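1. Below are the sequence and a predicted model for it; my questions follow.
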Amino acid sequence: MQLYSFFNSSTSYRVRIALALKEVAYDYRGVNIRSGEQRQAGYVELNPAKGVPVLVSDDGGSLTQSMAIVQYLDDTLGGPRLIPNQPLQKARVLELANAIACDMHPVNNLKVLGYLTNNLGISEEQKKTWYAHWVAEGFSAVEALLERYGSQPYCFGDQPTLADCCLVPQVANALRMGCDLSPYPRVMSIYEHCRTQPAFIQAEPARQPDYVD
């Protein structure tokens, strides 16, 4: 397999965690989305959405959305299931994962932040205010879901799921942006636990071949 990834992309980070949990070896292909490599013609042919990640399977097929990639890994590989089979458990995992992947990430990703500053002319301080607002909105909901239905040390018990694959990168980005996450103790407890686990450590941005300080 080949994974087209950017070390600091939270969507790429999700897939790296999933691949590590599945103990899958893959060829890492760095795509610098800060410098615009994702907009080069050859890459756009691979991913018309001009983003990361892209997973190219051993049969040459490719997938371009992190949630679809994790579903594919669950359906085709062994190892721990990241999306449970039992209907209600599956729904709970997807509910929390999508609260992050659909509500939080899209309004705070690099291309949106770039449009705010480069096209709409907002200041750096306004951009941080925007980012912090959506982090607070999103993690307030996630914290409430964890309080109602979660069970630590992971989001849903003693095994990691897609929910944890989504939560850890989103917390990491929020901390990098200077957001106050103290109002979300369950979120932070899960994050700190995951950071001690080998698969999550392996997937960390600083451990990727394209990492730059």
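-> That came in fine, so what should we check first? Numbers count the residues shown, from 1 in each chain.
2. what sits up against stretch 31-49?
-> 4, 5, 6, 9, 50, 51, 52, 54, 62, 64, 110, 210 (CB atoms under 8 Å, 6 or more residues apart in numbering). From N, CA and C alone the C-beta is placed, and that goes for glycine too.
3. Please repeat the previous calculation with a cut-off of 6 Å.
-> 4, 6, 50, 51, 52, 54, 64, 110 (CB atoms under 6 Å, 6 or more residues apart in numbering).
4. How far does that stretch sit from its chain's centre?
-> 19 Å (CA atoms, centre = their mean, to the nearest Å).
5. first to last residue in it, what's the distance?
-> Terminal residues of stretch 31-49 are spaced 14 Å apart (CA to CA, to the nearest Å).
6. Longest helix of this protein, counting residues only.
-> helix 124-149 (DSSP state H).
7. ok, and for it, which residues are buried?
-> 127, 130-132, 134-136, 138-139, 141-143, 145-146, 149 (16 or more other CB atoms under 10 Å).
8. Tell me the secondary structure at residue 182.
-> Classification of residue 182 by DSSP: H, G, I helix; E, B strand; the rest coil places it in coil.
9. count of residues packed around it?
-> 7 (other CB atoms under 10 Å).
10. nearest spatial neighbour of it, skipping sequence neighbours?
-> residue 188 (7.7 Å; CB to CB, 6 or more residues apart in numbering).
11. so what pLDDT did that neighbour get?
-> With respect to pLDDT, residue 188 has a value of 98.
12. Can you get me a residue count around it?
-> For residue 188, using other CB under 10 Å, the count is 16.
13. check which helix or strand covers it.
-> helix 185-194 (DSSP states H and E).
14. Could you name the helices and strands sitting against that helix?
-> Where contact means 3 or more CB pairs under 6 Å, 6 or more residues apart in numbering; DSSP states H and E, helix 185-194 is packed against helix 124-149, helix 162-176.
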